[in-house]
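[1] task: produce atomic coordinates for the following.
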Amino acid sequence: MAADTLIKLQTLRKSYNLGQPNEAEVLHGLDLCVRRGEFIALMGPSGSGKSTLLNILGLLERMTSGDYWLQGELVRGLSDAELTLRRRRTLGFVFQFHHLLPAFTALENVTLPALMGEGRVSPAQHEKARDLLAAVGLGAAMDKRPKELSGGMQQRVAMARALVMDPPLVLADEPTGNLDTVSSAEVFALMRRIHAERGTAFVVVTHDPRLAARCDRLVELIDGRIARDEAVVQAAAQAMPEVPPS
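    Here you go, the predicted model:
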């Protein structure tokens, strides 16, 4: 396995309702490799298996058969506790709905992964969370609660939260799907900037071909199979909003 490989899937299959009359296989023998520093768009029609694949990549669901290596470690057979530990150390998550805790400030929401993982937030982790919020243009909004922030600002808090544990890979499930056009472009521009500055790899589920065209690689699922996996030929540079300064 190449040294730059973050994730490798081999003949991965996923079925639901095993052994029941309504048993259904939704992923059919996928082979996929995600390398360090890649920016991948994952596309496909509804029901193609995108969310299921992302959940398996994120160690949120178990595959039915096949092999999955995460940073060179075979994850099949790991206990739930071991999977949780690998997930916290390796993966960040951004969802269509930000899932911020309404009673927490922006800063408290960003520090939540550290609190959940270690039971406390160290001064260094507080400082890192502050730095991340400043980096995503929310330096003046650290003490605001989600209801005081716009949808795009809330999603930027979620982005900072995904990065606070320094994961090499962020999995994003329709991160702009609940935003207006301008906010969507701002959040996507932020992801690309983080990718360029920090070398963080991204796998982004999107239905928007305009966003996919700004990724570096396109993986398309159709009926639970990879129908296309290719580098994206970048068109002429398209202006995108910059993330506002803090």
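
[2] let me see the mean pLDDT of stretch 138-153.
    Averaged over stretch 138-153, pLDDT sits at 89.

[3] ugh, typo on my part, it should be stretch 83-94
    Stretch 83-94 comes out at a mean pLDDT of 89.

[4] can you pull the buried residues of that stretch?
    Leu83, Arg86, Arg87, Arg88, Thr90, Leu91, Gly92, Phe93, Val94 (16 or more other CB atoms under 10 Å). Just so you know, the C-beta spots here come from the backbone N, C-alpha and C atoms, and that holds for glycine as well.

[5] for stretch 217-235, same thing?
    Buried-residue list, stretch 217-235, by 16+ other CB under 10 Å: Arg217, Leu218, Val219, Glu220, Leu221, Gly224, Ile226.

[6] what sits up against it?
    Here stretch 217-235 makes contact (CB atoms under 8 Å, 6 or more residues apart in numbering) with 25-32, 38-45, 48-50, 53, 212-216.

[7] SS state for the residue nearest the centre of the chain?
    Centroid-nearest residue in the chain, with CA atoms, centre = their mean: Leu171, separated by 1.5 Å. Assigned with DSSP: H, G, I helix; E, B strand; the rest coil, Leu171 falls in the strand class.

[8] let's have the chain start at 41 instead
    Sounds good: first residue 41 from here, last item Leu211.

[9] residue ranges with poor pLDDT in the chain?
    Within the chain, the stretches with pLDDT under 70 are 137-138, 274-286.

[10] list the contacts of Arg126.
    With CB under 8 Å, 6+ apart, Arg126 has these contacts: Leu99, Leu110, Glu113, Val115, Leu118.

[11] identify the farthest-apart pair in those residues.
    Farthest pair in the contacts of Arg126 (CB to CB) is Leu99 and Glu113. Separation: 11.4 Å.

[12] more crowded one of the two?
    Under the criterion of other CB atoms under 10 Å, the comparison of Leu99 against Glu113 puts Leu99 first, with 22 against 11.

[13] output the contacting helices and strands for the longest helix anywhere in the chain.
    Taking DSSP state H as the criterion, the chain has its longest helix at helix 221-238. Judged by 3 or more CB pairs under 8 Å, 6 or more residues apart in numbering; DSSP states H and E, the packing partners of helix 221-238 are strand 79-83, helix 191-203, strand 209-213, strand 241-245.

[14] hang on, the earlier thing: show me the contacts for the residue nearest to the centre of the chain.
    Here Leu211 is in contact with Leu94, Leu97, Gly98, Leu131, Gly132, Phe133, Val134, Phe242, Val243 (CB under 8 Å, 6+ apart).

[15] how near is Asp213 to Ser105?
    For Asp213, the distance to Ser105 equals 24 Å [CB to CB, to the nearest Å].

[16] can you pull out the strands in this structure?
    45-56, 64-75, 79-83, 105-110, 113-114, 131-135, 209-213, 241-245, 257-262, 265-271 (DSSP state E).
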